[in-house]
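Visitor: Pasted the sequence and its predicted model underneath.
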Amino acid sequence: MFNVSVDYIIGKGELATLDKDLLKRIEDIEKLDEVTKQYLFFLIDNVIQNNKTKKAFNK
């Protein structure tokens with residue numbers, strides 16, 4: 001129904017520490033059409049990968 005774990009409901013686990021604004025964005029993304037979601041995930045994945053690459057080369 002809510003697609004969350006018991007850990008999340010009782011405030012434990014990784015997702016329990018996400019702020020409300022981030023959770024709202026995730027909920028909003030879930031409501032988008034599939035093509036738009038895939039495009040958005042492509043952009044997010046590329047930004048994350050770019051950030052990881054920068055961190056790796058700055059060590």
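Guide: Structure received. Residues are numbered from 1 along each chain as shown.

Visitor: what are the phi and psi angles of the residue positioned nearest the centre of the chain?
Guide: The chain has residue 26 as the residue nearest its centroid, 6.4 Å off, counting by CA atoms, centre = their mean. Per-residue torsions, residue 26: phi -60, psi -40 (degrees, to the nearest 10).

Visitor: ok, which stretches of this protein are helices?
Guide: Remark: helices assigned in the chain by DSSP state H are 6-9, 20-30, 34-57.

Visitor: Tabulate the ones you listed (TSV), appending mean pLDDT.
Guide: Listed next are the helices of the chain as TSV, based on pLDDT from 0 to 100:
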stretch	mean pLDDT
helix 6-9	63
helix 20-30	89
helix 34-57	95
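
Visitor: which of those is buried the deepest?
Guide: Across the helices of the chain, the average number of neighbours (mean count of other CB atoms under 10 Å) peaks for helix 6-9, which reaches a mean of 12. For glycine as for every other residue, the C-beta is placed from the backbone atoms N, C-alpha and C.

Visitor: Pull the distance from stretch 21-32 to the chain's centre.
Guide: Relative to the chain's own centre, stretch 21-32 is displaced by 9 Å; criterion: CA atoms, centre = their mean, to the nearest Å.

Visitor: whoops, stretch 33-46 was the one
Guide: Its chain's C-alpha centre and that of stretch 33-46 lie 11 Å apart, by CA atoms, centre = their mean.

Visitor: Equivalent analysis for stretch 44-56, please.
Guide: With CA atoms, centre = their mean, you get 14 Å for stretch 44-56.

Visitor: I'd like to know how far residue 54 sits from residue 32.
Guide: Counting by CB to CB, to the nearest Å, the separation of residue 54 from residue 32 is 28 Å.
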